[in-house]
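J.: Quick one, what's the 3D model for this:
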Amino acid sequence: MKNTNNRTVGIIFVLLGASFWGIGGTAAHYLFETADINVNWYVSTRLVLSGVLLLGMQLLLAGRKTVFTIWKDPQKRLSLIIFSLLGMLLVQYSYMASIAEGNAAIATLLQYLAPIYIIIWVIFRGHQKLHVSDMVAILLTIIGTLLLLTNGSFKGLSVPSIAIIWGVISGISLAFYTLYARNLLRFYSSVTVVGWAMIIAGVCMNVIHPIWRVETQDWSAATFGVLGFTIIFGTTLAFWMFIKSLEYLEAKETTLLGTVEPLTAVVSSVIWLNIPFGFWQVIGMGLILILVLYLSLAKK
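T.: I've put the predicted structure just below:
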């Protein structure tokens with residue numbers, strides 16, 4: 001049984017980690033809009049540097065063996081490469097592309113539809129029967145998403161269609177990322193798996209857009225500061241804190257508290273970037289968050 005002090009530490013870690021994630025998305029939007037930073041370059045840089053920082057932390061805290069053992073098994077090497085390309089790279093790129101084409105609030109909420117895709121997949125695969133609760137969850141998702149994207153008016157979308165497409169891809173790739181990772185996480189620490197996945201994905205992304213080919217001319221102090229925040233706080237520390245919280249809290253509690261991420265993404269977008277958010281969009285966001293809370297608390 002975890003004592004009160006440990007629970008407090010766990011709650012602080014998960015709330016900070018999720019908040020950093022949410023604000024990190026808004027910070028990325030700021031870089032795309034204000035500093036005109038290229039999305040491809042940003043994803044390349046973010047993945048490589050965050051991966052190096054994560055593995056560096058793991059090396060210092062847990063030793064060399066925990067970092068490099070994953071490469072000794074040929075089957076696990078292949079699984080890691082698949083996870084890196086179809087999971088890490090796709091989810092990171094599609095999420096950032098959705099932010100660049102739309103905004104961080106919409107992109108984050110669309111990505112948070114991943115649990116619905118997981119439900120549909122396990123039902124399709126025959127691992128679970130379709131229950132009334134599943135139908136309610138899917139219905140809530142459809143209604144919430146429609147309100148979020150249209151603000152109650154079907155005459156036009158509140159964000160460009162390309163942003164929605166990237167957001168949906170982000171949610172689907174996050175579902176794959178979640179399901180496929182289980183095979184690796186049974187044998188290796190999550191920090192090791194994600195750190196290597198980031199580096200592999202980042203190296204592949206560098207083929208498309210190398211880190212050294214920077215296209216922006218706006219290297220102000222604000223640009224450097226925001227870029228540093230997204231890499232150190234919005235990615236590296238956010239992930240480490242979220243994983244660390246599992247040492248003090250149950251996974252269900254961590255997932256539940258992790259719903260702070262879309263809330264911070266929305267609030268920071270509205271306050272910092274003055275992103276308009278209509279009444280029906282707030283209702284749609286509420287429905288999606290209710291869904292996330294329900295899926296976090298449900299025993300199955």
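J.: Need the CA coordinates for stretch 68-80. PDB is fine.
T.: The C-alpha atoms that make up stretch 68-80 are tabulated as PDB, following Å, rounded to 0.1, in the frame of the first residue of the first chain:
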ATOM      1  CA  PHE A  68      21.800  -1.500 -24.700                       C
ATOM      2  CA  THR A  69      20.400  -4.900 -23.800                       C
ATOM      3  CA  ILE A  70      17.500  -4.400 -26.200                       C
ATOM      4  CA  TRP A  71      19.800  -4.700 -29.200                       C
ATOM      5  CA  LYS A  72      21.000  -8.200 -28.400                       C
ATOM      6  CA  ASP A  73      17.800 -10.000 -29.400                       C
ATOM      7  CA  PRO A  74      17.200  -9.900 -33.200                       C
ATOM      8  CA  GLN A  75      13.400 -10.300 -32.800                       C
ATOM      9  CA  LYS A  76      13.200  -7.400 -30.300                       C
ATOM     10  CA  ARG A  77      15.400  -5.300 -32.600                       C
ATOM     11  CA  LEU A  78      12.900  -5.700 -35.400                       C
ATOM     12  CA  SER A  79      10.000  -4.900 -33.100                       C
ATOM     13  CA  LEU A  80      11.800  -1.800 -31.900                       C
END
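J.: now that stretch: mean pLDDT?
T.: For stretch 68-80, mean pLDDT rounds to 90.
J.: same thing with stretch 9-25?
T.: Averaging pLDDT along stretch 9-25 yields 87.
J.: in that stretch, what counts as buried?
T.: 9-11, 13-25 (16 or more other Cβ atoms under 10 Å). Yep, even glycine has a C-beta here, placed from its N, CA and C like the rest.
J.: taking those residues one by one, which sit in helices?
T.: Among the buried residues of stretch 9-25, DSSP state H puts 9-11, 13-25 in helices.
J.: just the helices in the stretch 1-150 of the chain please.
T.: Here the stretch 1-150 of the chain has its helices, by DSSP state H, counting those that start in this stretch, at 4-33, 39-62, 64-68, 74-82, 90-101, 104-111, 114-124, 132-150.
J.: wait, what's in contact with residue 275?
T.: 103, 104, 105, 269 (Cβ atoms under 8 Å, 6 or more residues apart in numbering).
J.: what would these look like in TSV with pLDDT and neighbour count?
T.: As requested, those are exported to TSV (pLDDT from 0 to 100; neighbours: other Cβ atoms under 10 Å):
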residue	pLDDT	neighbour count
103	85	26
104	84	31
105	79	29
269	83	26
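J.: Now residue 93. Nearest residue, chain neighbours left out?
T.: Closest residue to residue 93 apart from its sequence neighbours, by Cβ to Cβ, 6 or more residues apart in numbering: residue 43 at 5.2 Å.
J.: what's around that neighbour, how many residues?
T.: For residue 43, the number of neighbouring residues by other Cβ atoms under 10 Å comes to 24.
J.: Same question for the one 4 residues further on.
T.: Applying the criterion other Cβ under 10 Å, we find 28 residues in the vicinity of residue 47.
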